[in-house]
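K.L.:
Structure, please.
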Amino acid sequence: MIYPVLLTLHLFAALIFIGTVFFEVLFLDSIRKQLPARLMLLLEQAIGRRARQLMPWVLLVLFGAGIGMVWQRYLPLLAAPLASAFATLLALKIALAASVLLHFVWAMLLFRQERMTAGWTRLIHASVFSHMIAIVVLAKAMFYLAW
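P.N.:
Coordinates of the predicted model:
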């Protein structure tokens with residue numbers, strides 16, 4: 001009974017996290033060209049503050065539920081990640097998720113040290129965006145690919 005709860009929590013947290021990343025990458029970049037620089041700076045600062053408040057909790061639920069799902073159902077598969085397509089894709093998905101977490105920690109450290117620049121922000125967002133696309137594709141492929 002716990003697995004469906006973990007799966008639901010994981011999916012909702014993923015929706016929030018992926019939605020935020022997609023919004024920042026696909027919307028904010030194009031909005032930047034349409035608004036005055038001062039207004040855009042205020043908008044980005046406000047979104048950034050809210051994201052820094054909310055995202056640690058979202059990531060806690062996302063990774064906590066993900067770890068719980070692995071513990072409940074998939075740990076034996078990960079003992080031999082090359083034994084099946086599902087296990088291989090799951091291991092790759094977990095590796096990408098770990099990389100996303102490292103990106104987040106890196107961004108938080110840059111903010112704390114006041115070294116976060118527009119360039120770093122764009123680079124981190126683009127990298128996390130590509131990771132998210134790959135994770136979503138892998139999440140679906142795990143159930144449909146076999147070799």
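
K.L.:
Ranking helices and strands of this protein by mean pLDDT, which lands last?
P.N.:
Ranked by mean pLDDT, DSSP states H and E, the helix or strand of the chain with the weakest confidence is helix 29-32, at a mean of 86.

K.L.:
next helix or strand past that helix?
P.N.:
helix 37-69 (DSSP states H and E).

K.L.:
The residue nearest to K93 when sequence neighbours are not counted and L123, how far apart?
P.N.:
Spatially, and ignoring its direct neighbours in sequence, K93 is nearest to L138 (4.3 Å; Cβ to Cβ, 6 or more residues apart in numbering). Where you see a C-beta, it was placed from the backbone N, CA and C, and this is true even at glycine. For L138, the distance to L123 equals 23 Å [Cβ to Cβ, to the nearest Å].

K.L.:
next one: K140
P.N.:
Separation of K140 from L123 (Cβ to Cβ): 27 Å.

K.L.:
again with L145
P.N.:
31 Å.

K.L.:
Over to L109?
P.N.:
Taken as Cβ to Cβ, the span from L109 to L123 is 14 Å.

K.L.:
just Y74 next, same as before
P.N.:
Separation of Y74 from L123 (Cβ to Cβ): 32 Å.
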